[in-house]
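Q: the following comprises the amino acid sequence and a computationally predicted model.
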Amino acid sequence: MNKAHEAREKAYAPYSHFRVGATLLLESGTIISGNNQENAAYPSGLCAERVAVYHAGAVYPSQKITSLAITARSLNKKITEPIPPCGACRQALVEYEVKQESDIETYFMGESGKIIKANSIKDLLPLIFNKEYL
């Protein structure tokens, strides 16, 4: 979670002031971090989870993702409850679970407080959309 905290503080969030950091652990022990990147044209930004997972997919395409840690902080108010991935990130992450044929343990928290663990992204998105529908 420490690496996710570090990534969170480097987020580019000048509009929402809501900073998110995400850190992936690959099967090789490699750590990949990402943070949210906002854009004045809101749909053009990316969440921390997708920044990290797409970087891992581009640079380490054959490495399985074993775990993910996510943390968030707002400059507007203190966040003490765990912040789960948004729906778009859940869909992006479950794509990698399906591709690698193994679960990604996910830990998420707010700025401080308790940490919640999900054994699989499928626990967070039980009715997945996948290639079988295409």
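A: Received it, and whenever you're ready, just let me know what you need. Numbers count the residues shown, from 1 in each chain.
Q: contacts only, for the residue nearest to residue 56 when sequence neighbours are not counted.
A: Of all residues not flanking residue 56 in the chain, residue 32 sits nearest, at 4.6 Å (C-beta to C-beta, 6 or more residues apart in numbering). Using the backbone N, CA and C atoms, a C-beta is placed for each residue, glycine as well. Applying C-beta atoms under 8 Å, 6 or more residues apart in numbering to residue 32 gives the contacts 23, 24, 26, 52, 55, 56, 59, 60.
Q: by neighbour count, which of those residues wins?
A: residue 52 (28 neighbours; other C-beta atoms under 10 Å).
Q: looks to me like that one is in a helix.
A: Yes - with DSSP: H, G, I helix; E, B strand; the rest coil as the criterion, residue 52 is part of a helix.
Q: roughly how far apart are the residue lying closest to it once chain neighbours are set aside and residue 66?
A: Nearest residue to residue 52 in three dimensions, chain neighbours excluded: residue 34, at 3.1 Å (C-beta to C-beta, 6+ apart). Distance from residue 34 to residue 66, counting by C-beta to C-beta, to the nearest Å: 16 Å.
Q: mind listing the strands for the chain?
A: 18-26, 31-35, 65-74, 105-109, 116-118 (DSSP state E).
Q: now do the longest helix seen in the chain: everything it contacts.
A: As assigned by DSSP state H, the longest helix anywhere in the chain is helix 87-100. If you take C-beta under 8 Å, 6+ apart as the criterion, helix 87-100 is touched by 47, 49-50, 53-54, 57, 64-65, 68, 85, 103-104, 106, 120-122, 124-125, 128-131.
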